[in-house]
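Student: The following comprises the amino acid sequence and a computationally predicted model.
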Amino acid sequence: VRVALDVPVDSCFDYLAEVDRGDIGRRVLVPFGKRKLVGVILGLAQESGVATDKLKAAVRVYRDTQPLDDHILAVFAFCRDYYHHPIGEVVVNALPPGLRRAKAVLGRGMEVVRLTDAGRALDVTTWPARAVVKRRLMVALQAGGSMPRDAIRALSRRAPCLLRELADAGLIRVERMLAAVTNDISDPPSPPTLNSDQQAAFDAIASGLSRFVVTLLYGVTGSGKTEVYLHLTAETLARGRQALILVPEINLTPQLEATFRARFPGIAQISLHSKLSEGERAQSYLAAQSGVARIVLGTRLAVFTPLPQLGLIVVDEEQDASFKQHEGLRYSARDVAIYRAKLLAIPVVLGSATPSLESYHNARAGRYQLAQIRSRAVPDAALPEVRIVATTGNMPEGVSPPVLQALRERLERGEQSLVFINRRGYAPVLLCGQCGWISGCPRCSARLTLHAPRHRLRCHYCGLETAAPAACPECGNADLRPVGQGTQRIEARLIREFPTASILRVDRDTASSKASLQSFIDRVHGNDVNILVGTQILAKGHDFPGLTLVAVINADASLYSSDFRAEERLFAQLMQVAGRAGRAGLRGEVLVQTAFPRHPLFAALKNHEFAAFADAQLQLRREHHFPPYTYQVLLRAESLKQEAALEFTQRASALAKPLAKNVRVFDPVPAQPARIAARERWQLLLQSASRSHLQLLLNTWRPQLATLAARDVRWAIDVDPLEL
Ligand SMILES: [Zn+2]
Ligand SMILES: [Zn+2]
């Protein structure tokens, strides 16, 4: 057997085993050096390059689950070839961790929690208000009728502990759903009718359900793209196929899960993301692989789930950077999804309010179908009014008078506001005004952020944390100044200005777990909060009906960045955060503070003109030969020794130059930041207008890199890098 193992070697390893063709795609336990490893059988062979007396026997072949099918193996081969990554790492890392262990996992089916008649009839408002989790659990069940046991935890960490009590009270039943159980689609709730734009988008996609078409579903925030996904999913299920819905953030899955479960109560649905327990993830994966689960929701890793009847893939918020993995196999889940759809001749839908310029360019060029939803789904929910506020000179605490005034008006009217600043902590740096000392990280070429509560300095790159010095370590000056603003400083400023208002800060420091984020969101919905101060953790997807003002504090950091994608990301982020304002019949307002009010990005934002912005950006990209007009590959190298990393990239560059046909090989440059956790980072960019020329070069060049003896250098190839 030829076995793929999780080791950084390009080839498979040969072992002896009693197998037949049906065992291809099965897991196998093999001896490897002094260890035993779980791998996957990729092929059978009669001969081996290894001498017969040296060939070792496999310990065992696991036949407890179905083998990986040909389709998913072809997807792995694509990843090996296109991303130039060792096949064993591709294959084994695509398995859920529970299937990478040296033990059998019996597919024991899924446990489902169902309401009894008594549970359905229960009025939860008769329960005391402090029974928050119990109420939430019953409300979720009453919306959908049933939920997989694995999904209960997403509601609250304490929710699973309540199942016994609710079952004893006769309100629920926990049932085991065996693989033989069919999905019940006899009595689905009647879906809402689509508006004309949604209907046109649906028709355009649904007319091609049995062929490969990429559709860019472009609609402003709040335009009801999810409703189109739901209708397409219904159509896909009716054809006996499975639907795969990819979302960028784990935080968005509970909301989407509830929506899909309410619409398709009798249909087995699973979620796949990294926060599931090992057991949950393995069981969900197996339910999908067996074909029992008809709807699969998940983050980028779910794109590798074997789905025997896959009929539709949706990539929601397709522009989101989290679809790209930044370590190991540096794949784009969006692009892998498109490849899967192409192999299977099925449609793939890329949804976005601010499409990536790559996808937008493909749609304009006719390679993708463009479906557009122009209006918001709720008729009277007009797009928010955007005002650009010019900041001037001295504003140490970051909040301008017009923003304070707008906040005050919302407080008087009892409406909610969101103050958005994409930086956590109190201030991004501590400065000595006497000698110019700044708080730098000793391990990184980055600054230490001041965190207020315990007056600590923290590095957001390597995690280093120390007490902030009482006086300047260089000159002894006791008057150190925090410079710039983070969420904590804005919060402190607003508490002083509005002492009676209820102000809630939501960033990675306060909402570290999914449960705490959910409880924050519940508080906002309960109208318990007047002003939210938060980072992008809040910008994505969450609906806050009472929110009518969004104030963006510091948009300028990305405006003149060296990364050509910085403006694209900023625009998407601002559109997204602006989309939080005014959704339930109340007109929203967005204030953006900037020192560059005349920047064209803001003009486009003001007029909600994605197309104008995108066209202008594409024009610049074309002039400067940037993607999507060219393709890029980045070699990343890092080492504890500066010279080693630099020399490696220089030698790599020298090797690439003679191979370069229609490929531009740039000079090595330091990465940004140049040092993280004491590792010096260098990079080398290759660029070409021809994807195939670039791939040809890589085919020869990458094996050569492996032979460059550079033991103290870690390196990686990043095809289609998103960050330079
Ligand atoms: Zn000093
Ligand atoms: Zn650091």
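Tutor: On my side now, so go ahead. If you're wondering where the values come from, they're calculated on a predicted model, not measured in any experiment. Ligands and ions are numbered 1, 2, ... in the order given.
Student: C-alpha from now on. contacts and neighbour counts both.
Tutor: Noted.
Student: helices or strands next to the least confident helix or strand in the chain by mean pLDDT in the packing?
Tutor: Every helix and strand of the chain was ranked by mean pLDDT, DSSP states H and E. The lowest is strand 146-148, at a mean of 72. Where contact means 3 or more CA pairs under 8 Å, 6 or more residues apart in numbering; DSSP states H and E, strand 146-148 is packed against strand 110-115.
Student: name the helices or strands packed onto the following helix or strand past the strand it packs on?
Tutor: Scanning forward in sequence from strand 110-115 by DSSP states H and E, the next helix or strand is helix 117-121. Counting contacts by 3+ CA pairs under 8 Å, 6+ apart, helix 117-121 is packed against helix 132-144.
Student: R281: neighbouring residues, count only.
Tutor: 23 (other CA atoms under 10 Å).
Student: surely it meets L272?
Tutor: Yes - counting by CA atoms under 8 Å, L272 is a contact partner of R281 at 6.3 Å.
Student: could you measure H625 against P97, distance?
Tutor: 41 Å (CA to CA, to the nearest Å).
Student: and if you look at F212?
Tutor: From F212 to P97 the distance is 32 Å (CA to CA).
Student: So if I had to pick from those two, which one is more boxed in?
Tutor: The residue with more neighbours, out of F212 and P97, is F212; 19 against 15, by other CA under 10 Å.
Student: can you tell me which residues contact the more buried one?
Tutor: A341, K342, L344, A345, I346, P347, V348 (CA atoms under 8 Å, 6 or more residues apart in numbering).
Student: Which helix or strand contains the closest residue to Y339 other than its chain neighbours?
Tutor: The shortest distance from Y339 to any non-neighbouring residue, by CA to CA, 6 or more residues apart in numbering, is to V75 (7.6 Å). Using DSSP H and E, V75 sits in helix 70-83.
Student: Give the buried residues for that helix.
Tutor: The neighbour-count criterion (16 or more other CA atoms under 10 Å) identifies I72, L73, V75, F76, A77, F78, C79, R80, Y83 as the buried residues of helix 70-83.
Student: got a list of what the second one touches?
Tutor: Translated: L73. Counting by CA under 8 Å, 6+ apart, L73 has contacts G25, L42.
Student: gap between it and ligand 1?
Tutor: 60 Å (CA to the ion, to the nearest Å).
Student: Next, find the distance separating that residue from ligand 2.
Tutor: From L73 to ligand 2 the distance is 40 Å (CA to the ion).
Student: next one: the first one
Tutor: From I72 over to ligand 2 the distance is 39 Å, taken as CA to the ion.
Student: OK, contacts around that residue?
Tutor: With CA under 8 Å, 6+ apart, I72 has these contacts: F304, T305, P306.
Student: Close to ligand 2: what parts of this structure are there?
Tutor: Within the chain, the positions near ligand 2 by CA under 5 Å from the ion are C441, R443, C444, C459, C462.
Student: of those, buried ones?
Tutor: The buried subset of the residues of the chain next to ligand 2 - by 16+ other CA under 10 Å - is C441, R443, C444, C459.
Student: hmm, back to that, output the contacts of F212 as JSON lines; include the columns neighbour count.
Tutor: Formatted as JSON lines, the contacts of F212 follow (neighbours: other CA atoms under 10 Å):
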{"residue": "A341", "neighbour count": "22"}
{"residue": "K342", "neighbour count": "16"}
{"residue": "L344", "neighbour count": "17"}
{"residue": "A345", "neighbour count": "17"}
{"residue": "I346", "neighbour count": "20"}
{"residue": "P347", "neighbour count": "25"}
{"residue": "V348", "neighbour count": "29"}
